[in-house]
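# kindly return the folded structure for what I paste below:
(chains A, B, C and D)
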Number of protein chains: 2
Amino acid sequence: MKVQEVAKHLGVTPDTVRYYVRIGVASPERDPANGYRRFGRRDLTNLRFCIHARQLGFSLDEILEILGQAHHGNTPCPRVREIVGARMQDIERQFAEMQQLYERIQRAAKAWETMPDGEPTSHMVCHLVETWEQDLTTESAAS
Amino acid sequence: MKVQEVAKHLGVTPDTVRYYVRIGVASPERDPANGYRRFGRRDLTNLRFCIHARQLGFSLDEILEILGQAHHGNTPCPRVREIVGARMQDIERQFAEMQQLYERIQRAAKAWETMPDGEPTSHMVCHLVETWEQDLTTESAAS
DNA sequence: CTTGACCTGTGAGCTACTCACAGGTTTAGA
DNA sequence: TCTAAACCTGTGAGTAGCTCACAGGTCAAG
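As a prediction, the model looks like this:
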């Protein structure tokens, strides 16, 4: 299979497939006549795994690590379970951070509702932003 | 004020302050004797605005745009309100995406609980990932 | 006078692609 | 048989917002 067929087959762009090849997710043979990539079964397997794993939040480094393990005949499943666990925690943390950001914006927007616009001065760019009451103390202490 | 004093004052690292100067958030004078940055009132104002705005989810490009507006004596407040509105929508969207990802992972992890590990084969790297039931159809159709 | 803490600019690294460029190949149709 | 469109190639740069490394100059305390 050529790059575009593979891409269509897997639901990604040819550029993405080429990128994955570039970093070593797959290593297709080359057609000696024209240098085109010829994807075999193993290449497709690796690419499919990569795409699925990405959809589960795996990083490309983690994917390469797992492919390496599998290449050596070791079962990558324990590592996979480990990564998935870590990823869930990451997401929970990001989730909390985003919620904080959202609430911060919301508080600001609400506080600004009744405030007029103002001209910038030498000690203030936008009074909306600069007079906004933030509890930085709480947040920087928490981090 | 020198770079480290400013950094401490604003609660960021000296590197961050230097970076902000680099991209034009502030343009401190230089001490002719040694070339050190000397931050004045306006520089501090800009940096403080920048840091606050970042905490509200503004991009550095947006911040530079606003600083430019303010520099020309125009009130940036309407633009600020606009950006804040856009940012809230962005966050809501990201929120939904992350939730999807989280649920996807959760479903996978749950489905794997009772599955044993397996050896990698030529057509499968990790059966946990590759036999995982995804409703890609739903998701790709939705996007 | 030394030592350590500061300062300088520049450039690279991080993630996961995505796009641009310049050029070679294949394929379908006239 | 020719041509034009659609494919393929590798390489390099761009994205966001820092962060760190490097090599070297400066300053303050003891």
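# do a quick rundown of the strands in chain A.
Using DSSP state E, the strands of chain A run over residues A:29-30, A:37-38.
# hmm, the first one in reach of DNA strand C?
No - counting by Cβ under 7 Å from any atom of the strand, DNA strand C is not contacted by strand A:29-30; separation bottoms out at 11.7 Å. Any C-beta I mention is one placed from the backbone N, CA and C, and that applies to glycine too.
# any idea of the mean pLDDT in that strand?
Strand A:29-30 comes out with an average pLDDT of 96.
# same deal with the last one?
Here strand A:37-38 scores 97 as its mean pLDDT.
# the longest helix along chain A close to chain B?
Ranked by residue count, the top helix of chain A under DSSP state H comes out as helix A:77-112. Yes - taking Cβ under 8 Å from any Cβ of the partner chain as the criterion, helix A:77-112 and chain B are in contact, through A:77-78, A:80-81, A:84-85, A:87-88, A:91-92, A:94-95, A:98, A:101-102, A:104-106, A:108-109, A:112.
# try stretch A:45-52
Yes - interface with chain B: stretch A:45-52 contributes A:T45, A:N46, A:R48, A:F49, A:H52 (Cβ under 8 Å from any Cβ).
# nearest to chain B, of the residues you listed?
Using Cβ to the nearest Cβ, A:F49 comes nearest to chain B of the residues of stretch A:45-52 next to chain B, at 4.2 Å.
# how far away is that closest one from A:L56?
Here A:F49 is placed at a distance of 11 Å from A:L56 (Cβ to Cβ, to the nearest Å).
# so for those two, which sits in the more crowded spot?
Neighbour tally, A:F49 and A:L56, criterion other Cβ atoms under 10 Å in any protein chain shown: the higher count belongs to A:F49, 24 against 20.
# how about the nearest residue to the more buried one, chain neighbours excluded?
Using Cβ to Cβ, 6 or more residues apart in numbering or on different chains and skipping residues adjacent in sequence, the residue nearest A:F49 is B:V125, 4.2 Å away.
# A:A70 is in contact with the one you found, correct?
Yes - shown here, B:V125 and A:A70 form a contact pair, counting by Cβ atoms under 8 Å, at 4.6 Å.
# give me the more crowded residue out of the two.
Neighbours were counted for B:V125 and for A:A70 using other Cβ under 10 Å; B:V125 has more, 28 against 22.
# relative to A:E5, how far out is the more buried one?
The value you get for B:V125 to A:E5, if Cβ to Cβ is used, is 21 Å.
# out of the strands of chain A, deepest packed?
Most buried of the strands of chain A, by mean neighbour count (mean count of other Cβ atoms under 10 Å in any protein chain shown): strand A:37-38, with a mean of 16.
# burial measure for A:G57, as a count.
A:G57: 20 surrounding residues under other Cβ under 10 Å.
# residues in contact with it?
Taking Cβ atoms under 8 Å, 6 or more residues apart in numbering or on different chains, we find A:G57 in contact with A:V84, A:R87, A:D90, A:I91, B:L101, B:I105.
# quick check: phi and psi at it.
Here is the backbone geometry of A:G57 (degrees, to the nearest 10): phi 90, psi 10.
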